[in-house]
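Colleague: Okay, sequence plus prediction incoming.
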Amino acid sequence: MLDLRPSCERCDVDLPPDSAEARICTYECTFCAACAEAMGTCPNCGGNLVPRPIRPPAMLEKDPASTTRVFNPDLRT
């Protein structure tokens, strides 16, 4: 099951579980669409960044999104 992280690792913008702006790589690194476009690939693994699937609300009750924020300000440079 995907770890639906709550924010962009690069700019720390909120990315709720139903956000169409969330992008992930194969390791579930999470970025907003703007940062993903600016970077092109995941800066952590070099993999491609694709739209994150949206978990249906009923399934969020059973399997909630993560509340752990991952933020690396060094990715901004």
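Modeller: Cool, got the structure. Quick caveat, the model's predicted, so the values are computed rather than measured. Residues are numbered from 1 along each chain as shown.
Colleague: and the residue positioned nearest the centre of the chain, what does it touch?
Modeller: Centrality entry for the chain: nearest residue to the mean C-alpha point is Thr30, 2.3 Å, by C-alpha atoms, centre = their mean. Counting by C-beta atoms under 8 Å, 6 or more residues apart in numbering, Thr30 touches 5, 7-9, 15, 22-24, 52, 70. In this view, the C-beta of every residue, glycine as well, is placed from N, C-alpha and C.
Colleague: Once you drop chain neighbours, what's closest to it?
Modeller: Spatial nearest neighbour of Thr30, chain neighbours left out: Arg5 (4.1 Å); criterion: C-beta to C-beta, 6 or more residues apart in numbering.
Colleague: residues contacting the one you found?
Modeller: Applying C-beta under 8 Å, 6+ apart to Arg5 gives the contacts 15, 28, 30, 65-66, 68-70.
Colleague: Can you show me the CA trace of the one helix or strand in the chain whose mean pLDDT sits lowest as CSV?
Modeller: In the chain, the helix or strand scored least confidently by mean pLDDT, DSSP states H and E is helix 57-62, which has a mean of 94. The C-alpha trace of helix 57-62 is given here as CSV (Å, rounded to 0.1, in the frame of the first residue of the first chain):
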residue,chain,number,x,y,z
PRO,A,57,-12.5,8.2,0.9
ALA,A,58,-13.9,4.9,2.2
MET,A,59,-10.5,3.3,2.0
LEU,A,60,-8.8,6.2,3.7
GLU,A,61,-10.9,5.4,6.8
LYS,A,62,-9.5,1.9,6.8
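Colleague: Any buried residues in stretch 64-77, and which?
Modeller: 65, 70, 75 (16 or more other C-beta atoms under 10 Å).
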